[in-house]
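Trainee: Structure of the sequence below:
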Amino acid sequence: MNIIHSTVNIDETVQIGHFNVIEEDVVIGKNVVIGNHVTIYAGTIIGDGTKIADGVVLGKQPSPGKTSTVKLKGNVAPLEVGTDVTFGTNAVVYAGAVIGSSTLVADLASVRENVEIGPECIVGRGVTIENYVKIGRRVKMQSNAYITAYTTLEDFVFIAPCVATTNDNFMGRTEERFDKIKGATVKKGARVGGASILLPGVVIEEETFVAAGAIVTKDTEPKTVVKGFPAKKVRMVEERELL
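Mentor: Prediction:
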C-alpha cells in the first residue's frame, strides 16, 4: 500500500514499489523508479529518469536542536532534484537542497538543507554534507567523508575516504566564533587524500594534491603536493597529472 497525496503530479511512466509516502504538491517526472519504504516530503521536485532506492527520505524539513547554531525562520524551500539522479538505500536529503543531474547520492549518505550539488557528482556511501555547502561539477566524495557547513568544493575536486573538514577554531566556546565560522575552499581540480583533515577557512588551491593523512593548517599553493602534519609543500604536481 502506498500513500500518495491527491495533489501529487506524477507521470504515468513512474514505477513505484510498496509502502511509500508521497506528500502534497510533489512533482515526479518521467521514467522515475521508486523503491519500497520511501518518503518524499511536500513540494519536492524530482527530475526525469531518477532512481530512488529503498528507505530513501527526500525533502525532509530541518529541525535543529535547542543549542544548535542553525537558526531557521519557518520552512526552507522544497528539495529540487535534477534528471537521472540516483539515490542509494537509506540516503537522506533535506529540503532546501539542489541536486544536479546525473549525480549519485549513495547508500546512507546525508545531505543537509541549503546545499547545492552540481551535475555528475558522486556522494559516496556514508558521506555527510552539512548545511550551506556549495559543490561544483563532477566532484567525487568517497565513503565516510565529512563535509562541514560553509565549505566550497569547486569543479573536478576529489575527496578521498574519511576526509574531515572543519569550520570552527573555537569549538563552540566563545561568542566571537560566530563571525569566524568558515569551512575550507577546495578549488578546481584539487585532490585530498584519505583521512586528511582540513582546518577552518583554509584554501586548497587549484590542482593541489593533499597526501593521505595530512593536516592542512594554512592555504596551499596551486599545483603543489603537500603532506605531513602540519602539511608542507614537498614538490610540484607532475604535468601529466593535471586536468
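
Trainee: what secondary structure does the closest residue to H18 other than its chain neighbours sit in?
Mentor: Spatial nearest neighbour of H18, excluding adjacent residues (Cβ to Cβ, 6 or more residues apart in numbering): N36 at 4.9 Å. C-betas here are computed from N, CA, C, even on glycine. Secondary structure state of N36, per DSSP: H, G, I helix; E, B strand; the rest coil, is coil.

Trainee: Quick check, N36 in contact with D54.
Mentor: Yes: N36 is in contact with D54 according to Cβ atoms under 8 Å; the separation is 4.8 Å.

Trainee: Can you list the low-confidence ranges for the chain?
Mentor: For the chain, no stretch has pLDDT under 70.

Trainee: how does it divide into domains?
Mentor: Under the assignment named as automatic domain parsing, the residue ranges that make up the domains of the chain are 1-61+77-121, 130-243.

Trainee: Adding distance to V70, write the ones you listed out as a markdown table.
Mentor: Converted to a markdown table, the domains of the chain look like this (distance: least, Cβ to Cβ, whole Å):
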| stretch | distance to V70 |
| --- | --- |
| domain 1-61+77-121 | 9 |
| domain 130-243 | 6 |
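
Trainee: out of those domains, which comes closest to S68?
Mentor: Across these, S68 has its closest neighbour in domain 130-243 (10.2 Å, Cβ to Cβ).

Trainee: Run through the residues that contact the residue most central in space within the chain.
Mentor: Within the chain, one residue has its C-alpha closest to the average C-alpha position: by Cα atoms, centre = their mean, that is I129, at 4.1 Å. Going by Cβ atoms under 8 Å, 6 or more residues apart in numbering, I129 touches 109-112, 115, 117, 123, 135, 141, 147.

Trainee: Tell me which entries of those residues lie within strands.
Mentor: Secondary structure assignment by DSSP state E places 110-111, 115, 117, 123, 135, 141, 147 of the contacts of I129 in strands.

Trainee: Weed out the non-buried ones from the residues you listed.
Mentor: When neighbours are counted using 16 or more other Cβ atoms under 10 Å, the ones in strands among the contacts of I129 contain these buried positions: 110-111, 115, 117, 123, 135, 141, 147.

Trainee: hmm, back to that, what's the closest of the ones in strands among the contacts of I129 to Y94?
Mentor: When the ones in strands among the contacts of I129 are compared for distance to Y94, the smallest value, 6.4 Å, is given by V111; criterion: Cβ to Cβ.

Trainee: Please tell me how far that closest one sits from L79.
Mentor: For V111, the distance to L79 equals 9 Å [Cβ to Cβ, to the nearest Å].

Trainee: who touches both of those two?
Mentor: Shared between the contact lists of V111 and L79 (criterion: Cβ under 8 Å, 6+ apart) are residues 93-94, 97, 99.
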